[in-house]
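> sequence unavailable; structure follows:
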């Protein structure tokens, strides 16, 4: 049984996801909410295998939230579910250590298949073209490039801090800065608390 948590601040999308996923025989929706704090309360200590996280650059916060969730021990697999797929998002999602990106226009069968593959430990990230990578690197300061490389490698926050000889808080600040600069929109600050 694949345990899911759903986080999307658009009520119609959240309701639609729940209606589709609840009858799927190998999926259990543990909780669905419009904000991280409500999701934490609804999870009540239960840990999802996969978190479906809305990404909307106009509302911000999705990439930073993804990264902070992935920094926690025992973090769920994270699927960025978005209407804003782009080459910039593909690279930013990798830096945020998302496990998958799926456009909201994808079919229900594609969504179910993606959830199953993520739960099995596979990744569903779009490829990044060389030109898009070069454009992203050009948006970063020289001091951010080592952090960017480590994020792409999936390096943990403590290991980034150790490698850069920085306090963990400063390493976290630099990592968030990189992710925010890569994102195709403005990122906000949302606390992940205990979603993982």
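That came through fine. It should be emphasised that the depicted structure is a prediction, and the values quoted were computed from it without experimental measurement.

> which SS class is the residue nearest the centre of the chain?
Central residue of the chain (C-alpha atoms, centre = their mean): residue 66, 3.4 Å from the mean position. Following DSSP: H, G, I helix; E, B strand; the rest coil, residue 66 is assigned to helix.

> so for the helix or strand containing residue 135, mean pLDDT?
Using DSSP states H and E, residue 135 falls within helix 130-138. For helix 130-138, mean pLDDT rounds to 90.

> got it, and stretch 5-15?
90.

> how far does that stretch sit from its chain's centre?
15 Å (C-alpha atoms, centre = their mean, to the nearest Å).

> any chance you could list what contacts it?
17-18, 21, 29-36, 39, 43, 48, 50-54, 56, 59, 76, 81, 104, 195 (C-beta atoms under 8 Å, 6 or more residues apart in numbering). C-betas here are computed from N, CA, C, even on glycine.

> and it, end to end?
Separation of the first and last residues of stretch 5-15 by C-alpha to C-alpha, to the nearest Å is 13 Å.

> for the residue nearest to the centre of the chain, give its distance to residue 98.
According to C-beta to C-beta, to the nearest Å, residue 66 and residue 98 sit 5 Å apart.

> what stretches of the protein score poorly on pLDDT?
58-60, 185-196 (pLDDT under 70).

> strands of that one, start to end?
Listed in chain order, the strands of the chain (DSSP state E) span residues 2-7, 27-33, 50-55, 77-82, 100-103.

> which of these is buried the deepest?
Most buried of those, by mean neighbour count (mean count of other C-beta atoms under 10 Å): strand 50-55, with a mean of 27.

> just the buried positions in whichever helix in the chain runs longest, please.
Longest among the helix segments of the chain by residue count, using DSSP state H, is helix 168-182. Under the neighbour-count criterion of 16 or more other C-beta atoms under 10 Å, helix 168-182 has 171, 172, 174, 175, 176, 177, 178, 179, 180, 181, 182 buried.

> how about stretch 121-137?
Under the neighbour-count rule (16+ other C-beta under 10 Å), stretch 121-137 has 124, 126, 128, 132, 136 buried.

> give me the distance between the two termini of stretch 45-63.
23 Å.

> starting at the chain centroid, how far to that stretch?
In terms of C-alpha atoms, centre = their mean, the centre of stretch 45-63 is found 6 Å from the chain centre.

> so what's in contact with residue 66 and residue 98 at the same time?
53, 78, 80.

> done for today, thanks.
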